[in-house]
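Peer 1: A predicted structure for the sequence below; I have some questions about it.
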Amino acid sequence: MFDIRDLEIIAALARHRHFARAAAECGISQPAFSARIKKLELDLGVPLVERGNRYQGLTPEGEIALKWARQMLDAADGLKQSIAAAKGSVSGQLTLGVVPTALAYSARIPAAMRAAHPNIALRVYSASSVQIRTGVEDYTFDAGITYLDGIFPPTIETRPLYEERYVLLAPAALAPRTSGTATWREAAALPLSTLTPEMQNRRIIESVFAGIGVTPNIVFETNAYTVSLMQVETGFAATIVPEILVDKMPPIAKTACLHLHEPEITRSIGVIFADRKPRPPVVRALEEVLGAVS
C-alpha cells in the first residue's frame, strides 16, 4: 500500500504541474518518480494522472487523492511539530500566503518569529485573496493574510489585524497638489498604474470609482506593487497604494503622497486559518507573533 513518500510525490506533481521539476523537488530521477506514480495508481486501482505528451493534470480520482494526501501530510507535519513542542522546542516549516497590499505588514513577522521561535522556518508567498483562501483550504498555506471582505465557510477561522487605508502616490508634475489630501475623483483623472483585475485591491479601487460615477484613466497594469512604484518614480503614472506600504518604504523623490477621501474608504485585513483541531504548533506560534506585532 502507499506510504508518506507517495503522498509527497502526488502533492509535488500537483504543485509543479511538471514531472521533471516535481521529481527534482523529491530528490529522485524522473523515471523513478513516474514509476512511483504508476505504482500508486495500481495500489488504488484508478488512474491519477491524465496521460499525454506532457503533464495535463490529475484525473477526478487524482484530485480526490490529492486532497487526502495534502490533509495527511499536514497531519504528519503537525504530529512532528507537536512532539518537538512537547520537548520544549517549536520547529517546522510555516507557509504563509499574503495579498500584495499586506506584504509591508508581513515584513514585521520574520524578525519577531525568529526572536520567539528560532527553529521555525518561515516562507511567505504573495498571492491573490482567492489563491490564499484556496491554499488555506487545501493545506498549501498554513495561514493567510488577506482581505476579510465576504463570507468565509465554517472551515476557516478569521482574525482581524488592521484597517487598510489608501493614498495617492503621484509624480509631482501630475499631482493635483504637493501635500495633504486628494479626492478619488481627482485620482481618476490622472494616468494610473494599478494591480491587475484578478487582485482584490484592484476590485476595491474600481468599486470606489464606480460608486462616485467616474471611470479611472488606467494606463498600466501589473501584479506587483514594486512595478507600479517604478512608474511613479519615472513620472509615467500615479498609483493608489495602502497607507501602510508608504509608511514602510523610503520616500520617492519628486513625488506627492496624498491621503484619499471623498469617500473615506477602509478595508479590513486579517489572518485566516483552517479550523483544525489540534492546531499545529507553528500556526499557534504565528498567532502569538501576530499578537505581538499588531
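Peer 2: Alright, I've got the coordinates.
Peer 1: any idea of the mean pLDDT for stretch 264-278?
Peer 2: Average pLDDT, stretch 264-278: 91.
Peer 1: buried stuff in that stretch?
Peer 2: 265, 267, 269-274, 276 (16 or more other Cβ atoms under 10 Å). C-beta coordinates here come from the backbone N, C-alpha and C atoms, glycine included.
Peer 1: mind checking the end-to-end distance for it?
Peer 2: 41 Å (Cα to Cα, to the nearest Å).
Peer 1: ok, now stretch 182-198?
Peer 2: 26 Å.
Peer 1: what residues sit buried inside it?
Peer 2: For stretch 182-198, by 16+ other Cβ under 10 Å, it's 182-184, 186-188, 190-195.
Peer 1: now, the most widely separated pair of those residues?
Peer 2: The largest separation in the buried residues of stretch 182-198, counting by Cβ to Cβ, is between T183 and L195 at 20.9 Å.
Peer 1: let's see which of the buried residues of stretch 264-278 end up in strands.
Peer 2: 267, 269-274 (DSSP state E).
Peer 1: so which of these is the closest to D74?
Peer 2: Once Cβ to Cβ is applied, the member of those that ends up nearest D74 is A274, at 8.4 Å.
Peer 1: the longest helix in this protein is where?
Peer 2: Longest helix in the chain, counting residues (DSSP state H): helix 60-86.
Peer 1: buried residues of that helix, list them for me.
Peer 2: Result for helix 60-86 [16+ other Cβ under 10 Å]: buried residues 62, 65-66, 69-70, 73-74, 77-78, 81-82, 84-85.
Peer 1: give the other helices and strands that it contacts.
Peer 2: Secondary-structure packing of helix 60-86 (3 or more Cβ pairs under 8 Å, 6 or more residues apart in numbering; DSSP states H and E): helix 4-16, helix 30-44, strand 92-98, helix 281-293.
Peer 1: I'd like these as CSV, with mean pLDDT and mean neighbour count appended.
Peer 2: CSV is the format used below for those (pLDDT from 0 to 100; neighbours: other Cβ atoms under 10 Å):
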stretch, mean pLDDT, mean neighbour count
helix 4-16, 85, 19
helix 30-44, 87, 15
strand 92-98, 93, 21
helix 281-293, 90, 19
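Peer 1: of all those, which lies closest to A210?
Peer 2: Using Cβ to Cβ, the helices and strands packed on helix 60-86 put strand 92-98 closest to A210, at 26.8 Å.
Peer 1: what angle do that closest one and helix 60-86 make?
Peer 2: Between strand 92-98 and helix 60-86, the angle comes out at 120 degrees (axes from the mean of the first three to the mean of the last three Cα atoms, to 10 degrees).
Peer 1: can you give me the strands in the stretch 151-294 of the chain?
Peer 2: 156-164, 166-171, 181-183, 191-195, 217-222, 238-242, 255-261, 267-274 (DSSP state E, counting those that start in this stretch).
Peer 1: export those strands to a markdown table and tack on distance to I28?
Peer 2: As requested, the strands of the stretch 151-294 of the chain are exported to a markdown table (distance: least, Cβ to Cβ, whole Å):
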| stretch | distance to I28 |
| --- | --- |
| strand 156-164 | 35 |
| strand 166-171 | 48 |
| strand 181-183 | 57 |
| strand 191-195 | 39 |
| strand 217-222 | 38 |
| strand 238-242 | 43 |
| strand 255-261 | 51 |
| strand 267-274 | 30 |
